[in-house]
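Trainee: Quick one, what's the 3D model for this:
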Amino acid sequence: MAYRCCFIYVFVLLTGSDSLHQVVEVTEGGSVLLECSQESIVLENKQLTVHWRHNYIRNVFDIINGQVSIKEQDPAYKNRAEVLREELKKGNIFLKLTDLQLSDGGTYLCFVPDLGLEHSTQLVVKERTLPKYEAILVQVRSHGTGTRLGRTLHLLIPLTGLILHFI
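Mentor: Numbers count the residues shown, from 1 in each chain. This next block holds a predicted model:
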């Protein structure tokens, strides 16, 4: 009986708190916007502190008292992570990640200590698939004489959306 009460208490805590969780799927090499809150935050001229972490330990991005701080940023996110400042002024906290790698997959946690706000996003980075190609062999001939030059040109042409016309 005690276990059931404990489970119900934990479930209520998780569903009733300001903690949110989302799942986002993106293809390798792309970019993504991760949100910290589903609603705009009333700033009231506060200089917010916002922390973004990957898998709870890797420092992705920090805003300390309203100022961007990359001093302790994990080198894997250098020049690939940014907070949209114009949106931040409106009370929307977004983290933009670019040039996504397979290793970027995992849980991203955003927390705003002053507001007791915590939001996690599960990022799934899917491997980029290469298009299928058709190989075409073309004999190279001399212009005017029609004599074969003994060379073959190999063309690789993507199959998606391709229409070939032979004359």
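
Trainee: And the residue lying closest to residue 127 once chain neighbours are set aside, how far from residue 124?
Mentor: Spatial nearest neighbour of residue 127, excluding adjacent residues (Cβ to Cβ, 6 or more residues apart in numbering): residue 28 at 5.6 Å. Where C-beta positions appear, they are placed from N, C-alpha and C, glycine not excepted. Distance check for residue 28 against residue 124: by Cβ to Cβ, to the nearest Å, it reads 11 Å.

Trainee: cool, residue 101 as well?
Mentor: Using Cβ to Cβ, residue 101 is found at 13 Å from residue 124.

Trainee: what ranges do the helices span in the chain?
Mentor: In the chain, the helices defined using DSSP state H lie at 2-16, 85-89.

Trainee: Quick check: buried residues in the shortest one?
Mentor: For helix 85-89, burial by neighbour count (16 or more other Cβ atoms under 10 Å) applies to residue 88.

Trainee: same thing with stretch 29-45?
Mentor: 32, 34-37, 41.

Trainee: Dump that stretch to PDB, keeping only the CA atoms.
Mentor: C-alpha atoms of stretch 29-45 as PDB (Å, rounded to 0.1, in the frame of the first residue of the first chain):
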ATOM      1  CA  GLY A  29      23.000  18.100 -40.400                       C
ATOM      2  CA  GLY A  30      19.800  20.200 -39.800                       C
ATOM      3  CA  SER A  31      18.800  22.700 -37.100                       C
ATOM      4  CA  VAL A  32      16.300  22.800 -34.400                       C
ATOM      5  CA  LEU A  33      14.600  25.300 -32.000                       C
ATOM      6  CA  LEU A  34      14.100  24.000 -28.500                       C
ATOM      7  CA  GLU A  35      11.700  25.900 -26.300                       C
ATOM      8  CA  CYS A  36      12.000  26.400 -22.600                       C
ATOM      9  CA  SER A  37       8.400  27.100 -21.900                       C
ATOM     10  CA  GLN A  38       5.200  26.700 -23.800                       C
ATOM     11  CA  GLU A  39       4.000  30.100 -22.600                       C
ATOM     12  CA  SER A  40       5.700  33.500 -22.600                       C
ATOM     13  CA  ILE A  41       7.400  34.400 -19.400                       C
ATOM     14  CA  VAL A  42       6.600  37.800 -17.800                       C
ATOM     15  CA  LEU A  43      10.000  39.300 -17.400                       C
ATOM     16  CA  GLU A  44       9.100  42.400 -15.300                       C
ATOM     17  CA  ASN A  45      12.500  43.900 -16.100                       C
END
